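# the sequence isn't on hand, but the structure is:
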């Protein structure tokens with residue numbers, strides 16, 4: 001028996017696929033193409049928070065932080081669990097030169113979603129962009145404590161950590177995490 005989605009179900013499926021394509025393109029540094037994929041996803045479902053956040057991040061990487069700000073603010077407004085949306089807002093505010101507001105947005109993200117490794121990782125990326133190695137290391141360590149084993153923050157897949165990925169401390173941190181994973185296997189599957 002062949003399963004067929006309703007027209008609404010098919011529209012949602014297509015929007016989800018386009019959102020994932022946008023994420024993959026962003027992670028490869030193809031921000032123009034990622035922004036286009038997110039825009040197509042939003043045309044199918046304008047309330048898709050992941051697509052809104054993705055569009056904001058792509059635009060900010062393209063030097064269009066002012067345009068990205070509207071998307072980041074919309075993501076915070078619509079998100080059921082706004083931690084990651086606040087982190088996106090923080091990155092956009094940083095790229096607009098609004099550092100104090102950016103740090104406040106990140107703090108709100110951590111307060112709203114304290115167990116989401118992606119919020120910590122985005123804060124680590126912020127500190128990497130600012131050039132504060134100590135804070136970057138601190139938030140990256142927190143990220144790796146919370147993140148699933150499959151999460152590896154490393155270029156070329158992740159341009160945000162390019163500044164520090166060649167540093168010995170960065171390699172040591174990832175190696176220590178791998179050793180812990182071999183020595184101890186959690187009872188639960190990874191968090192996503």
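Looks like it arrived, so ask away. Bear in mind the structure is a predicted one, so any value in this text is a computation, not a measurement.

# could I get the buried residue list for the host helix or strand of residue 102?
For residue 102, the host element (DSSP states H and E) is helix 99-112. For helix 99-112, a neighbour-count test (16 or more other Cβ atoms under 10 Å) marks 102, 103, 105, 106, 108, 109, 110, 112 as buried. From N, CA and C alone the C-beta is placed, and that goes for glycine too.

# same thing with stretch 169-182?
Within stretch 169-182, the residues scored as buried using 16+ other Cβ under 10 Å are 170, 173, 174, 177.

# rewinding a little: would JSON lines of the buried residues of helix 99-112 with distance to residue 10 and pLDDT be doable?
Formatted as JSON lines, the buried residues of helix 99-112 follow (distance: Cβ to Cβ, whole Å; pLDDT from 0 to 100):
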{"residue": "102", "distance to residue 10": "39", "pLDDT": "96"}
{"residue": "103", "distance to residue 10": "42", "pLDDT": "94"}
{"residue": "105", "distance to residue 10": "36", "pLDDT": "97"}
{"residue": "106", "distance to residue 10": "37", "pLDDT": "95"}
{"residue": "108", "distance to residue 10": "36", "pLDDT": "96"}
{"residue": "109", "distance to residue 10": "33", "pLDDT": "95"}
{"residue": "110", "distance to residue 10": "37", "pLDDT": "95"}
{"residue": "112", "distance to residue 10": "33", "pLDDT": "93"}
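
# hey, which helix is longest across the chain?
Criterion DSSP state H: the longest helix present in the chain is helix 7-27.

# who are the packing partners of the next helix or strand after that helix?
With elements assigned by DSSP H and E, the helix or strand that comes after helix 7-27 is helix 31-44. When contacts are defined as 3 or more Cβ pairs under 8 Å, 6 or more residues apart in numbering; DSSP states H and E, helix 31-44 sits against helix 7-27, helix 49-61.

# let's have the ones you listed in CSV, adding distance to residue 128 and mean pLDDT.
Formatted as CSV, the helices and strands packed on helix 31-44 follow (distance: least, Cβ to Cβ, whole Å; pLDDT from 0 to 100):
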stretch, distance to residue 128, mean pLDDT
helix 7-27, 16, 92
helix 49-61, 14, 95
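
# in TSV, list the buried residues of helix 99-112 along with distance to residue 33.
Shown next, in TSV, are the buried residues of helix 99-112 (distance: Cβ to Cβ, whole Å):
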residue	distance to residue 33
102	26
103	31
105	27
106	27
108	31
109	27
110	31
112	31
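
# for residue 93, give me its contacts.
For residue 93, the contact set (Cβ atoms under 8 Å, 6 or more residues apart in numbering) comprises 69, 72, 99, 101, 102, 105.

# one more time with 7 Å
By Cβ atoms under 7 Å, 6 or more residues apart in numbering, the contact list for residue 93 reads 101, 102, 105.

# how near is it to residue 103?
Plainly put, residue 93 is 9 Å away from residue 103 if you go by Cβ to Cβ, to the nearest Å.
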